[in-house]
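Peer 1: Mind folding the following:
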Amino acid sequence: METKTQKKVLVIDDDYYMCKSISQLLENEDMLVDYENNISAGIDRLLADKYEVIILDIHLPGIDGVSMMPVLKEITPSSKVILVSADDVVDVLNQYSNVVVENFIQKPINRERLLNIINNKR
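Peer 2: Numbering: from 1, shown residues only. The predicted model follows:
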């Protein structure tokens with residue numbers, strides 16, 4: 001009998017209710033989810049544990065999530081980073097044209113799109 005390992009996901013978003021909403025959605029899909037409301041606590045989590053997926057808000061107090069991507073990739077190169085924002089996707093891609101943004105989801109979060117990205121089903 002083959003056992004399926006649960007995906008571990010870290011959500012970093014300063015909006016507590018967004019963290020709870022994403023956590024509940026993913027926990028209903030049998031994923032293990034932790035969340036932090038600031039980048040410092042998120043980095044501490046990444047240094048202490050391994051996550052397959054990081055869901056990162058672009059607009060965090062004192063820093064933007066996109067500029068943190070190189071740091072996150074250095075700490076955990078195999079993790080998939082999904083950026084989220086209420087901003088328009090075209091605006092985000094234009095604003096951060098010097099950074100490779102592989103996965104972006106506009107808020108409010110579309111459940112099916114998020115699960116497809118996490119499960120590599122674009």
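
Peer 1: Could you say which helix or strand holds the residue nearest to the spatial centre of the chain?
Peer 2: Residue closest to the average C-alpha location in the chain (CA atoms, centre = their mean): I55, at 0.7 Å. Using DSSP states H and E, the element containing I55 is strand 53-57.

Peer 1: Give the other helices and strands that that strand contacts.
Peer 2: strand 8-12, helix 39-48, helix 65-75, strand 80-85 (3 or more CB pairs under 8 Å, 6 or more residues apart in numbering; DSSP states H and E). For the C-beta atoms, the positions are set from N, CA and C on the backbone; glycine is no exception.

Peer 1: what do you get if the cut-off is 7 Å, keeping everything else the same?
Peer 2: strand 8-12, helix 65-75, strand 80-85 (3 or more CB pairs under 7 Å, 6 or more residues apart in numbering; DSSP states H and E).

Peer 1: quick one, what contacts the residue nearest to the centre of the chain?
Peer 2: Listed by CB atoms under 7 Å, 6 or more residues apart in numbering, the contact set of I55 reads V9, V11, I22, I82, V84.

Peer 1: Which of the residues you listed sits closest to K121?
Peer 2: I82 (13.5 Å; CB to CB).

Peer 1: Great, nothing more from me.
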